[in-house]
Structure formats: C-alpha cells, structure tokens
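Novice: Below is the structure, and that's it, no one-letter string:
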C-alpha cells in the first residue's frame, strides 16, 4: 500500500472553556496565515474552566509568532506521526497492529476519511518511537 508518512510537530495551547475560547486562538492563527490540517480541542477535567487545543502544522515566522502570543507551544510530550493514503476498510486497525507488532505503544490516535483518502495522526511516547513508527509504516 502506498502511504505518505511523516513526523509532525503538534502545538498546544490552553483555552478558556467558554463560548469563543477556541475561536479566539484560531482567529489569531488564521489572521497570521496559518493553514491548519489538524485541530483537536477539549475540556480539561484537571483544570475546571479551561480547555486545551492541539494543532498542526504551524509554519513560518509570522504564524509561529502569532501562535506563541496566544499561548501555543510545541508539545514536548506528544510525538506525532501523520499517515495519509487511500482509504480501505480496516486501514487504521491494520496500521495500529503494525505498530503494536513493532512494540510501539500509542498514546492517542485521530483519524478521518474524506472521499477516498484517509488521514491519521498516531501519537507515541518518544521521538525514538516516532522514528521507529515512521520506519515501520513506510514499509507497509
């Protein structure tokens, strides 16, 4: 199977858990010219009244400057591998099994299908695990 596999830096920011909390930070990124391909936002149970948003990619000086001004930073504990390819039944399970067979523990997965293509983000525990995951998945 033909896959596009690459490491991506995931950026995170704390947001207010109120109407407009997410829109505020995303607007700042849009104004700076960010072309986001991945966004996940959720409330945080450990900090009532707050949430967290994860985005990727952030590229270019103006975008990175705007991102840091609204609280974004590269998440040092989240090592992510983006995989894209032709959708087929069970593909994410197949890729997860490949990683499991390679002794890579997943800390999170986000995936979606659009038309005939899928995109998945596999979060792993370390930079070494990300390198190993890339090697395994490129051999698929």
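Specialist: Noted; the coordinates are in hand. The model shown is predicted, which means the values in this text are computed figures rather than measured ones.
Novice: need the contact list for residue 120.
Specialist: Residue 120 is in contact with 82-84, 92, 95, 109-112, counting by CB atoms under 8 Å, 6 or more residues apart in numbering. (Each C-beta comes from the backbone N, C-alpha and C, glycine too.)
Novice: May I ask which of these has the most neighbours?
Specialist: The member of the contacts of residue 120 surrounded by the most neighbours (other CB atoms under 10 Å) is residue 95, with 25 neighbours in all.
Novice: That one: what's it in contact with?
Specialist: Shown here is residue 95, whose contacts under the criterion CB under 8 Å, 6+ apart are 83, 120, 122, 137, 140.
Novice: and if you look at residue 138?
Specialist: In this structure, residue 138 makes contact with 3, 5, judged by CB under 8 Å, 6+ apart.
Novice: what does residue 87 give?
Specialist: Counting by CB under 8 Å, 6+ apart, residue 87 has contacts 113, 116-118.
Novice: Emit the ChimeraX select command for whichever of the residues you listed are buried.
Specialist: ChimeraX command restricting these to the buried ones, with burial defined by 16 or more other CB atoms under 10 Å:
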select :118
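Novice: which among the contacts of residue 87 gets closest to residue 73?
Specialist: Using CB to CB, residue 118 is the member of those that sits closest to residue 73, with 28.7 Å.
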